[in-house]
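>>> Quick one: sequence plus predicted model below, questions after.
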Number of protein chains: 2
Amino acid sequence: MATIAVPNQVSISDDAQALYKACKGWGTDEKAIIAVLGRRNAAQRRQIRQAYEELYDEDLVRRLERELSGDFEKAMYRWILDPADRDAVLAHAELRKSSHEHPVLVEISCARSSEELLFIRRAYHARYKRSLEEEVYDYTKGDTRKLLIALVSAFRYEGEEINKKLAKSEAKELHEAIKDNKFNNDDVIRIITSRSKPQLQATFNFYREEEGTSITKNLPNKSKDEFLETLRITVRCFKDPVKYFEKVLRKSIQRLGTDEDALTRVIVTRAEKDLKEIKELYCRRNSVRLDDAVDKDTRGDYKDMLLTLLGNEV
Amino acid sequence: MATIAVPNQVSISDDAQALYKACKGWGTDEKAIIAVLGRRNAAQRRQIRQAYEELYDEDLVRRLERELSGDFEKAMYRWILDPADRDAVLAHAELRKSSHEHPVLVEISCARSSEELLFIRRAYHARYKRSLEEEVYDYTKGDTRKLLIALVSAFRYEGEEINKKLAKSEAKELHEAIKDNKFNNDDVIRIITSRSKPQLQATFNFYREEEGTSITKNLPNKSKDEFLETLRITVRCFKDPVKYFEKVLRKSIQRLGTDEDALTRVIVTRAEKDLKEIKELYCRRNSVRLDDAVDKDTRGDYKDMLLTLLGNEV
């Protein structure tokens, strides 16, 4: 469930005017901007952008980029965009990082619906005049590239039907490959990138039943191995997205110096989806409320923005 | 341009009634069925199916399957479906053939728009409760599988922009691979399956300019090599779809015993697109009108159906 607190009554033109007022003249009223945009859903934010453009002949996104700065600007910029467009921006930015981690590409492939992934690929065309696949080809290599290309190109079947016999035999195929350290085996990539999510769930369940341990526990933990790390987060993201995102949040907060990129990404992309469940798991797992952890770890307008998206009055 | 002759005035309910009358009682009035459905576009055919269902509480497609037979039934069944659904049916049937040729998979990947390919993938889910990729994985193997999976999963950028430098360097990459007989090289597959169509055109043009011969002429003609044949028709389908389809028609008619599957496929899938251009090229290339060749090579209702789709009164 979503965490953002959308009021029952919303006036799009009032919102556009409030934002104009908050940006006008010297200084910016960040609190007013957060109070409006932090409590509107994706459809409303789109309408506000349109109304603002019509009223003031100016692009609201550009205006906010000029008015805001730092982590707050980044969070607001991510938030104000349409979800598919935001995911295209996140993927584009991740590909240009020198890091060997690909959480965004994995998340858009595994924690979005098949139709949502299509919208992201379309948004990528519109924004960058190239296909997402072309970019993945350009910025990754080897087996990781093979896996990522197949992940972002997939259009998985979304029915609930499960083929148990297939799940059983593919659980065995996965186990054989892992046992022999052949993680980059073509069949591993085929199974992970082509099966429907319920089918993969069934396969992972058979894996645990047959082998007495989960597939994630069976994948060796070599954080320097790019392919293995990408495969691991792919499997985790499919198995239990809430658990996966809780861990991303936990690591982003626990490490020395908060990982604002990861923190912002999870809160912004999940605030209208399952951030409530992620918050609950975070609290159970860490004995501290996510809101309190964010409150302690961040500052200023950035903090206010995140806490608002988490459903707080600030 | 399309060849079918759609009247200016069409009454969907009159059409549904005419079809009902043509199917009622003993015997079937095939000519009446062709006169209606052979002259309606995809949107009209869909409306006729809906109107028929509402009026007679019966599925028109099923009814026609019962009433018709042989090549005529097959052609009518292909024709009456929505284009994306028809392509899903064609792909499904091709995958189950023992043949080592994959013209349907290549055509739906190369001679449809990116959005049309998405519709086909959606139609595949709806009809077969699996993804097209899963089926390609199941029914093909080796390098051909690698190529076909990437082809059907692609979502190519559709802008007209061309990167000339890239086209030049990729023309060279293709030439190196072909020169060394490394047709199944990862880079060949990457280029062919990820670049936009205008970009590929530019690459093929540079290839010819630099090498003095076209890429298709440079690909060795080994009809027994499944991968090479699939690659060859992929390149031809991108380079010039009209020329490609003219050749499919020519071969289907010229061979001993007409290849009805290929003949039907090209006429049915291109009748609302570019069959006029294909006909013109056919006439220039063979010094005989396509309509006359079809008239000579086919019989009965099947012939009437094809000639109607080619724009004739029968």
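Done, it's in.
>>> C-alpha from now on. contacts and neighbour counts both.
Fine.
>>> Which parts of the stretch 51-200 of chain A are helices?
With DSSP state H, counting those that start in this stretch as the criterion, the stretch 51-200 of chain A has helices at A:60-67, A:70-80, A:83-95, A:103-110, A:114-128, A:132-139, A:142-153, A:164-179, A:186-194, A:197-211.
>>> domain ranges for chain A?
What the record gives for chain A is the domain set A:12-68, A:84-241, A:242-309, from automatic domain parsing.
>>> one step back: what's the most buried one of the helices of the stretch 51-200 of chain A?
For the helices of the stretch 51-200 of chain A, average neighbour numbers computed from mean count of other CA atoms under 10 Å in any protein chain shown are highest in helix A:103-110, which has a mean of 23.
>>> From the contact counts, what lies against that one?
Packing contacts for helix A:103-110, counted by 3 or more CA pairs under 8 Å, 6 or more residues apart in numbering or on different chains; DSSP states H and E, involve helix A:83-95, helix A:142-153, helix A:226-239.
>>> could I get the ones you listed as a markdown table with mean pLDDT and distance to residue A:59?
Putting those into a markdown table (pLDDT from 0 to 100; distance: least, CA to CA, whole Å) gives the following:
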| stretch | mean pLDDT | distance to residue A:59 |
| --- | --- | --- |
| helix A:83-95 | 98 | 16 |
| helix A:142-153 | 97 | 30 |
| helix A:226-239 | 96 | 35 |
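>>> Need those helices in CSV (columns: distance to chain B).
Putting those into CSV (distance: least, CA to the nearest CA, whole Å) gives the following:
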stretch, distance to chain B
helix A:83-95, 14
helix A:142-153, 5
helix A:226-239, 18
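>>> okay, these in CSV with distance to residue A:52 next?
CSV is the format used below for the helices and strands packed on helix A:103-110 (distance: least, CA to CA, whole Å):
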stretch, distance to residue A:52
helix A:83-95, 19
helix A:142-153, 34
helix A:226-239, 37
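>>> what's the closest of the ones you listed to residue B:244?
When the helices and strands packed on helix A:103-110 are ranked by proximity to residue B:244, the top entry is helix A:142-153, at 26.7 Å, counting by CA to CA.
>>> mind checking how far residue A:176 is from residue A:183?
Look at residue A:176 and residue A:183: by CA to CA, to the nearest Å, they are 10 Å apart.
>>> joint contacts of these two?
Overlap of the contact sets of residue A:176 and residue A:183 (by CA atoms under 8 Å, 6 or more residues apart in numbering or on different chains) is empty.
>>> returning to what we had before: for the domains of chain A, give me TSV that also has distance to residue B:116.
What follows is the domains of chain A, written out as TSV (distance: least, CA to CA, whole Å):
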stretch	distance to residue B:116
domain A:12-68	27
domain A:84-241	13
domain A:242-309	29
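>>> mind checking which of those is nearest residue B:283?
When these are compared for distance to residue B:283 using CA to CA, the nearest one is domain A:84-241, at 38.3 Å.
>>> What's the end-to-end length of the closest one?
End-to-end distance (CA to CA), domain A:84-241: 18 Å.
>>> nearest residue to residue A:293 other than its sequence neighbours?
Setting aside the residues directly before and after it, residue A:293 is nearest to residue A:253 in space (CA to CA, 6 or more residues apart in numbering or on different chains), at 7.5 Å.
>>> Understood, closing this out.
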